[in-house]
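K.L.:
Output the structure for:
(one chain, ligands or ions: 1)
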Amino acid sequence: MVNPTVHDSEHKARLRDYFDGEGFQRWQAIYGEGKLSAIRRTIREGHRQMLAQLASWMDDHHLPPGTHILDAGCGTGLLSVALAQQGYHVTAVDLAPHMVAAAHQRAEAAGVASAIDFVAADLEEIGGHYDAVICLDVLIHYAMPAFAHLCGHLAALSGGPFFFTHAPYNSMLAAMHWIGGHFPRSQRRTNIQMIKDGTVTEVLAPTGRQIQRTASINHGFYFVRLVESL
Ligand SMILES: C[S@@+](CC[C@H](N)C(=O)[O-])C[C@H]1O[C@@H](n2cnc3c(N)ncnc32)[C@H](O)[C@@H]1O
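P.N.:
Next up is the predicted model:
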């Protein structure tokens with residue numbers, strides 16, 4: 001019998017090692033402005049489209065300046081900095097210390113570091129209460145039941161909207177995922193865990209949340225479902 005807690009902690013340790021090491025350079029490049037391979041360009045562009053969709057949904061909430069937002073799994077800080085530039089107070093958390101350091105650097109370069117609290121930690125260790133929680137392209141790395149633990153934990157931290165992405169399940173995606181595993185190692189993505197839409201609804205139900213809107217962003221090798229829950 002597999003102990004899910006041990007399994008979860010081993011998985012997280014692997015994710016931390018990846019995003020703090022080999023994956024750090026890879027994702028810093030994707031979230032940057034420099035030249036990229038054709039495959040990674042599609043991921044950069046898809047991610048930009050997803051951020052644009054999120055920004056338009058956030059506008060609908062008319063969150064006042066000073067609103068406290070948790071950027072859960074902040075990576076190199078693209079979202080945290082954009083939020084701070086709009087006058088929000090951000091807590092930026094990531095498992096990988098190199099990611100947090102890169103986010104801090106990006107915020108300093110943009111002159112908004114004082115509006116952001118940077119924390120290197122596992123999201124499941126984060127407590128507190130936020131006006132909104134945003135978790136982008138993090139849950140895509142968790143299969144059930146770890147997906148449910150993390151998603152449920154984050155949902156409970158927000159007194160307002162909880163926005164997140166997950167990788168939707170479909171057979172086309174499963175085939176592309178399989179093909180992706182056969183690319184040269186240097187081009188390979190991290191493993192993406194597909195979660196069925198119905199499972200997301202079930203995971204949110206005990207938290208008292210309902211899905212308000214979803215958007216599918218499919219661009220080359222970037223395919224996620226953005227969810228707004230209230
Ligand atoms: C693909 S990146 C996405 C970064 C950022 N959210 C964005 O969209 O620009 C995934 C990030 O999630 C972080 N992550 C994964 N599991 C985490 C956990 N349990 N707690 C905190 N961060 C986590 C990784 O370290 C990595 O930086």
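K.L.:
Check the protein for the residue nearest the ligand and tell me.
P.N.:
Gly75 (2.5 Å; CB to the nearest ligand atom). From N, CA and C alone the C-beta is placed, and that goes for glycine too.
K.L.:
Tell me the confidence at that residue?
P.N.:
At Gly75, the model reports a pLDDT of 98.
K.L.:
Using the three-state scheme, assign it.
P.N.:
coil (DSSP: H, G, I helix; E, B strand; the rest coil).
K.L.:
Looks like it contacts Ala103 (just checking).
P.N.:
Yes. When contacts are counted by CB atoms under 8 Å, Gly75 is listed as touching Ala103 (7.0 Å).
K.L.:
intersection of neighbour lists for these two?
P.N.:
Asp94 (CB atoms under 8 Å, 6 or more residues apart in numbering).
K.L.:
residue ranges with poor pLDDT in this structure?
P.N.:
1-6, 171-190 (pLDDT under 70).
K.L.:
one more time with 80
P.N.:
Applying pLDDT under 80 to the chain flags the ranges 1-7, 170-190.
K.L.:
Regarding Arg16, what is its secondary structure?
P.N.:
helix.
K.L.:
Which strands and helices lie in contact with the lengthiest helix in the chain?
P.N.:
Secondary structure of the chain per DSSP state H: the longest helix is helix 38-61. Here helix 38-61 touches helix 22-30, helix 78-85, strand 132-135, strand 162-168, strand 211-219, strand 222-229, going by 3 or more CB pairs under 8 Å, 6 or more residues apart in numbering; DSSP states H and E.
K.L.:
Is the helix or strand following it positioned near the ligand?
P.N.:
Next in sequence after helix 38-61, counting helices and strands by DSSP states H and E, comes strand 68-72. No. Strand 68-72 stays clear of the ligand (CB under 6 Å from any ligand atom), getting no nearer than 6.8 Å.
K.L.:
What strands line up against strand 68-72, and which way round?
P.N.:
Counting by DSSP bridges, the strands paired with strand 68-72 are strand 89-94 (parallel), strand 132-135 (parallel).
K.L.:
which residues sit against it?
P.N.:
So strand 68-72 is contacted by 63, 77, 79-80, 83, 88-93, 123, 126, 128, 130-135, 138, 154, 157-158, 164 (CB under 8 Å, 6+ apart).
K.L.:
Give me the angle between it and helix 78-85.
P.N.:
Orientation check (axes from the mean of the first three to the mean of the last three CA atoms, to 10 degrees): strand 68-72 against helix 78-85 gives 170 degrees.
K.L.:
Put the alpha carbons of strand 68-72 into CSV.
P.N.:
What follows is strand 68-72, C-alpha atoms only, in CSV (Å, rounded to 0.1, in the frame of the first residue of the first chain):
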residue,chain,number,x,y,z
HIS,A,68,-3.7,41.2,-1.0
ILE,A,69,-3.1,38.5,-3.6
LEU,A,70,-1.3,35.2,-3.2
ASP,A,71,0.7,34.3,-6.3
ALA,A,72,0.9,30.6,-5.6
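K.L.:
now it, how far from the chain's geometric center?
P.N.:
11 Å (CA atoms, centre = their mean, to the nearest Å).
K.L.:
Kindly report the same for stretch 100-107.
P.N.:
From the chain centre to the centre of stretch 100-107 is a distance of 16 Å (CA atoms, centre = their mean).
K.L.:
got the contact list for it?
P.N.:
Under CB under 8 Å, 6+ apart, the answer for stretch 100-107 is 24, 28, 74-78, 80-81, 84, 92-94, 113, 115-116, 118-120.
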